[in-house]
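**Student:** can't give you the sequence, but here's the structure:
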């Protein structure tokens, strides 16, 4: 654990900013799926690197919290390591790689495989908070559409996908209907993860730093992926088991192992994989990885 | 069934410097059910104008035109346009001198569209029967009448006028472009209508036709230009 | 028997700077009837259509709309959401340029089905069936249901716009020169289609056109506008065959007979 640096307020942000963000968070929780504008601050890293998620985490973090940070499911990528270290230095909180031990989990583009609990908060990093952004370029117009719950356009997009490809072609950031009222962008998590959002016991918070929007899904909220009655939403995952731990129910990363076309499929969630291996599960290529 | 009272009309031609042409003055005529009144008078006297005024196609300046409609009398000269549309739909039919051609619509549909109180299938059957009676052969039923001869167009016009079975019918030169055989058919149709209780006002260029169907004559005299 | 209007306007006045677009205009529309508004460029007819449909606010005057529950609404006092909802359900608007009302990057079926989806239709197969049915009603080959409108001719685009507008069975349709800019033969086909649909579905319509023949063919009543004022109105055939006002007489006599 990194020792806290001097000269920084707890979790970097000043108290007034945290207060402002918390107000936005309260409003977001009160209106599940609705995008709340907030005064996103200039953070010591560029846009697109998680500034929104960091600001939300900073606002909710307390002395007693245990923080986990993952990037595409992994605790050990550059992004995850940097952010974890950032909070270690500016807040001095305990950090962990174990999902079950964390009270706050900041994530980029994945939901942990391990089911979350009521006492946990998951903070998503969001690049584009507007689910209709690719279909309607006018923000004023999309705001009207959300206000009036006019979401026909999104269904038209799904209709067109089915017409053209026979199925919906969206594989990540798959739009969801929250609490039967707001259309929401769940952030670029794989469609595979969408069902986890439904009736999740944990509080889900979403921060988009560049776009300056915050939104939330309170615990035990209905989150439904858009579909048609005769073309229901289906999750997809690679038809393999994890090469290291043998899991057949987790989201897999495809890893190229050599320049002769060799590849391996491994759990994207590193903590999940390690935990399984520690429990004795063994995948078909466990030997090769070691 | 239809009665006018003090009906008067003039044309005011703004484009000709405000030229006034009086045409009708104090026209009082009436027609009963089952009766036919023929409008007679010299050419240009205003017979057609009178007929069109009765239908509401021309605007009457003074007087009343009372038409029996669903048990009451409607004054066509004063009625709201919507009411005139309703009266024309149910009670007052009109066969003009020339068929106004609607592009693309086949002759059969032009006639069938004017039918009332029957299903589409019945209307088309009745229209076909009428056309055949008027010597429009089947092969022409599916064609739009734009390229038909004047006589053929007039017969389609007649079929359209008669299929509606309006209690009051206005006929403007119904036999003008027809040969003798078709003329006789039209006379027979008018007679049958009268027997059904239809009240008819018509302009008949052909005196023989007029004598065959008219019960009364109404003289329309030309007015002096002012 | 009460004779309730579907749409009523009183005293509509609107100027663009010094130019009067509407001067004290009244209008009434009953269910199932077609009202044509004719006039030359600058007469105010398109402005009237925009004001009647709530797209443009008058400087004075009021437009009342009677909903299916027979409640009266002041169109320009309605909250935006209500007006938008109205335009998507009970009302329709056919633009002169169909591209303004179509999504060119979405298939024909998607265009027609959009209003249905906006209303909660969630069965892909049924939506497509509905769309195909409507394409056939507007005489577009059903096999083109998955084609993009970019590949359609002008007449087809207009018919597609009509299908898209009528799919929710609106009671009131505003049409702005629906046949403008189309070839004559295409116009004839389109007019025939509109005529049939309006009659069959008992739609009330306000139809703006500069073409008197179109008014004669489609409309029960007609209003003639000149420089923002209604100079004459009444039964279509009466106004066109026995015009009373000087301007109407000028309009009618100016039309070339082919």
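**Tutor:** Cool, the structure landed. All of these numbers come straight from a predicted model, not from anything done at the bench.

**Student:** now do the strands in the stretch 1-150 of chain C.
**Tutor:** Assigned by DSSP state E, counting those that start in this stretch, the stretch 1-150 of chain C shows strands spanning C:7-16, C:19-29, C:34-38, C:60-66, C:72-74, C:91-94.

**Student:** looking at those, which is buried most?
**Tutor:** Of all the strands of the stretch 1-150 of chain C, strand C:34-38 carries the top mean neighbour count, a mean of 26, counting by mean count of other Cβ atoms under 10 Å in any protein chain shown. For every residue, glycine as well, the C-beta is placed using N, CA and C.

**Student:** that one close to chain B?
**Tutor:** No: Strand C:34-38 is not in contact with chain B by Cβ under 8 Å from any Cβ of the partner chain; minimum separation 9.8 Å.

**Student:** which stretches of chain B have low pLDDT?
**Tutor:** Across chain B, the ranges flagged by pLDDT under 70 are B:224-226.

**Student:** err, chain C, not the other one
**Tutor:** In chain C, residues with pLDDT under 70: C:1-3, C:256-258.

**Student:** get me the contact residues on it for chain B.
**Tutor:** Contact residues, chain C versus chain B (Cβ under 8 Å from any Cβ): C:3, C:30, C:33, C:188-189, C:191-192, C:217, C:220-221, C:234-235, C:237-238, C:241-242, C:244-246, C:249-250, C:253.

**Student:** next step: the residues you listed restricted to helices.
**Tutor:** Using DSSP state H, the members of the residues of chain C next to chain B that fall in helices are C:188, C:189, C:191, C:192, C:217, C:237, C:238, C:241, C:246, C:249, C:250, C:253.

**Student:** next, format the residues you listed as a markdown table and append distance to chain A and neighbour count.
**Tutor:** Output for these, formatted as a markdown table (distance: Cβ to the nearest Cβ, whole Å; neighbours: other Cβ atoms under 10 Å in any protein chain shown):
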| residue | distance to chain A | neighbour count |
| --- | --- | --- |
| C:188 | 32 | 18 |
| C:189 | 27 | 19 |
| C:191 | 30 | 21 |
| C:192 | 30 | 18 |
| C:217 | 34 | 20 |
| C:237 | 41 | 20 |
| C:238 | 43 | 22 |
| C:241 | 46 | 14 |
| C:246 | 46 | 16 |
| C:249 | 47 | 19 |
| C:250 | 44 | 14 |
| C:253 | 47 | 10 |
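
**Student:** would you check which pair of those residues lies furthest apart?
**Tutor:** C:189 and C:246 (35.3 Å; Cβ to Cβ).

**Student:** residue C:194 - how many residues pack around it?
**Tutor:** 27 (other Cβ atoms under 10 Å in any protein chain shown).

**Student:** other SSEs contacting the helix or strand where it lies?
**Tutor:** Element membership of residue C:194, judged by DSSP states H and E, is helix C:184-201. Applying 3 or more Cβ pairs under 8 Å, 6 or more residues apart in numbering or on different chains; DSSP states H and E, one finds that helix C:184-201 makes contact with helix C:154-166, helix C:212-218.

**Student:** does the first one reach chain A?
**Tutor:** No: counting by Cβ under 8 Å from any Cβ, no contacts exist between helix C:154-166 and chain A, the nearest distance being 11.3 Å.

**Student:** and the next element down the chain from that helix?
**Tutor:** Following helix C:154-166 toward the C-terminus (DSSP H and E): strand C:172-176.

**Student:** and the angle for that next one with strand C:34-38?
**Tutor:** Interaxial angle, strand C:172-176 versus strand C:34-38 (axes from the mean of the first three to the mean of the last three Cα atoms, to 10 degrees): 20 degrees.

**Student:** okay, now the sheet partners of strand C:172-176, with direction.
**Tutor:** strand C:91-94 (parallel), strand C:204-209 (parallel) (DSSP bridges).

**Student:** what's the closest non-adjacent residue to residue 170?
**Tutor:** As the question left the chain open, I've gone with chain A. Distances taken as Cβ to Cβ, 6 or more residues apart in numbering or on different chains place residue A:191 nearest to residue A:170, at 6.6 Å, with adjacent residues excluded.

**Student:** chain C was what I was after
**Tutor:** residue C:92 (4.1 Å).

**Student:** what's the longest helix in chain B?
**Tutor:** Every helix in chain B considered (DSSP H), the longest is helix B:180-195.

**Student:** same for the next helix or strand after that helix, what does it pack against?
**Tutor:** Counting by DSSP H and E, the next helix or strand C-terminal to helix B:180-195 is strand B:199-203. The contact analysis (3+ Cβ pairs under 8 Å, 6+ apart) places strand B:199-203 against strand B:30-31, strand B:36-40, helix B:47-55, strand B:168-172, helix B:180-195.

**Student:** closest to residue B:141 out of the ones you listed?
**Tutor:** helix B:180-195 (16.7 Å).

**Student:** from the rest of the structure, what touches the closest one?
**Tutor:** Helix B:180-195 has contacts (Cβ atoms under 8 Å, 6 or more residues apart in numbering or on different chains) with B:34-36, B:133-135, B:151, B:155, B:158, B:162, B:169, B:171, B:174-175, B:178, B:200, B:202, B:206, B:209, B:212-213.
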